[in-house]
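J.: next input, structure requested:
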Amino acid sequence: MWGADGGTRFPLSVPRRVPYGLHQMRETPRSEPPRPRPDRAETHTTGASCSGTPHRSDGRPPHTPRGARQPGPPGRPGTTPPVPGRPALFSALVALAVITWQVLVHGPLARLDERVSGALVDTVPRRLSELASDLGNMTVALPVLAAAMAYALWRGRRGDALRAGLAMAAVPLLVVPLKEWTARPGPLEPWAEGYFPSGHTATAMVAYFGAAYLVSRRLVPVAAVLTAVTGTGLVLRGYHWPLDVLASLFLGFLILGVSSTCRRRSSG
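T.: This is a model prediction of the structure:
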């Protein structure tokens, strides 16, 4: 129909056409942002706080080496750390092997050792050096260790006392074969053999340090002083070469280190 103003009018009975899809967009309710479900949030929180895996809510460990570790007993880490002192034990073993090799082949280190010994022997009164070297006698060192072992048994530490006794028993088992193998003569007795390594030094070190560990760690400096005095007296008196004493120090360190490692493993 044409209007009076010349424009076009649609019949009242004919609805206007709406582009396809417009009425669907108007009729569809506007979507709201998703709301977090309370049950999933609680599950994630529980998994993060109680399962030990902060990145998984189903209680399974994440696929990483750190996440796969299992916790240990209360108050202890979940993994066993490396044994402390293992590089030091290996270094002591290498040093002992090098010294023994030099003694066997009479290498430069052994020749230097002989010159140093010639310059040190009898630089102090023999009575004083003999008293110092006597600290490594079995009649002096063993009673000290035996008293410490008795104290440990009284305190209920039978395992520690047993390990200290085994460490002391290992001294002659290791020293005697080395003496027979090297057959080194003494500084003042070149016709005699079996001076390497020093049994007195190893005995003093294992006995006094073992007693200090059994009684109180505060006695460790005292054990170090007694061991050093013993070795110094042996060199100054001419009973042993300096390398004999040094090798026994490394040997005693190995014995004490292995004993301490066994103690930590048994207590862990």
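J.: so Ala170 touches Leu256, yeah?
T.: No: using Cβ atoms under 8 Å, Ala170 is not in contact with Leu256; the gap is 10.0 Å. Bear in mind the C-beta positions are built from the backbone N, C-alpha and C, glycine included.
J.: what's the overlap in contacts for these two?
T.: Common contacts of Ala170 and Leu256, defined by Cβ atoms under 8 Å, 6 or more residues apart in numbering, comprise Val206.
J.: average pLDDT for the helix or strand hosting Ser133?
T.: Assigned by DSSP states H and E, Ser133 belongs to helix 126-133. Per-residue pLDDT over helix 126-133 has a mean of 95.
J.: which outside residues touch that helix?
T.: Contacts with helix 126-133, where a contact means Cβ under 8 Å, 6+ apart, come from 200, 229-230, 232-234, 236-237, 239.
J.: what is the nearest of those to Asp160?
T.: Nearest to Asp160 out of the contacts of helix 126-133 is Thr230 (Cβ to Cβ; 23.7 Å).
J.: dump the residue contacts of the closest one.
T.: Listed by Cβ under 8 Å, 6+ apart, the contact partners of Thr230 are 132-133, 135-136, 200-201, 204.
J.: buried subset of these, written for PyMOL?
T.: With 16 or more other Cβ atoms under 10 Å as the criterion, this PyMOL line picks the buried residues out of the contacts of Thr230:
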select buried, resi 132+133+135+136+200+201+204
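J.: farthest-apart pair in the contacts of Thr230, please.
T.: Pairwise distances across the contacts of Thr230 peak at 11.4 Å for Ala132 and Thr201 (criterion: Cβ to Cβ).
J.: now the common contact residues for those two.
T.: Common neighbours of Ala132 and Thr201 (criterion: Cβ under 8 Å, 6+ apart): 230, 234.
J.: need the contact list for Ala161.
T.: Taking Cβ under 8 Å, 6+ apart as the definition, contacts of Ala161 comprise 149-150, 152-153, 214.
J.: can you tell me which of those residues are buried?
T.: 149, 152, 214.
J.: buried ones in the helix or strand following the helix holding Ser133?
T.: Beyond helix 126-133 on the C-terminal side, the first helix or strand identified by DSSP H and E is helix 138-154. Of the residues in helix 138-154, 140-141, 144-146, 148-149, 152 count as buried by neighbour count, 16+ other Cβ under 10 Å.
J.: of the residues you listed, which is the nearest to Val176?
T.: Ala141 (16.8 Å).
J.: from what I can see that closest one touches Ala207, true?
T.: Yes: between Ala141 and Ala207 a contact is recorded at 3.7 Å, counting by Cβ under 8 Å.
J.: just to revisit the earlier point, kindly indicate which of the contacts of Thr230 lies nearest Thr100.
T.: Nearest to Thr100 among the contacts of Thr230: Thr201, at 14.9 Å, using Cβ to Cβ.
J.: quick check: the two most widely separated of the buried residues of helix 138-154?
T.: Maximum pairwise distance in these, criterion Cβ to Cβ, is 19.9 Å, between Val140 and Ala152.
J.: distance to Ala164, pLDDT and secondary structure added to the contacts of helix 126-133, as TSV?
T.: Output for those, formatted as TSV (distance: Cβ to Cβ, whole Å; pLDDT from 0 to 100; DSSP: H, G, I helix; E, B strand; the rest coil):
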residue	distance to Ala164	pLDDT	secondary structure
His200	19	97	helix
Val229	21	97	helix
Thr230	18	98	helix
Thr232	25	97	helix
Gly233	24	97	helix
Leu234	23	97	helix
Leu236	29	96	helix
Arg237	28	95	helix
Tyr239	26	95	coil
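J.: among those residues, who's most crowded?
T.: Leu234 (29 neighbours; other Cβ atoms under 10 Å).
J.: correct me, but that residue touches Ser198?
T.: Yes: under the criterion of Cβ under 8 Å, Leu234 makes contact with Ser198 at 5.9 Å.
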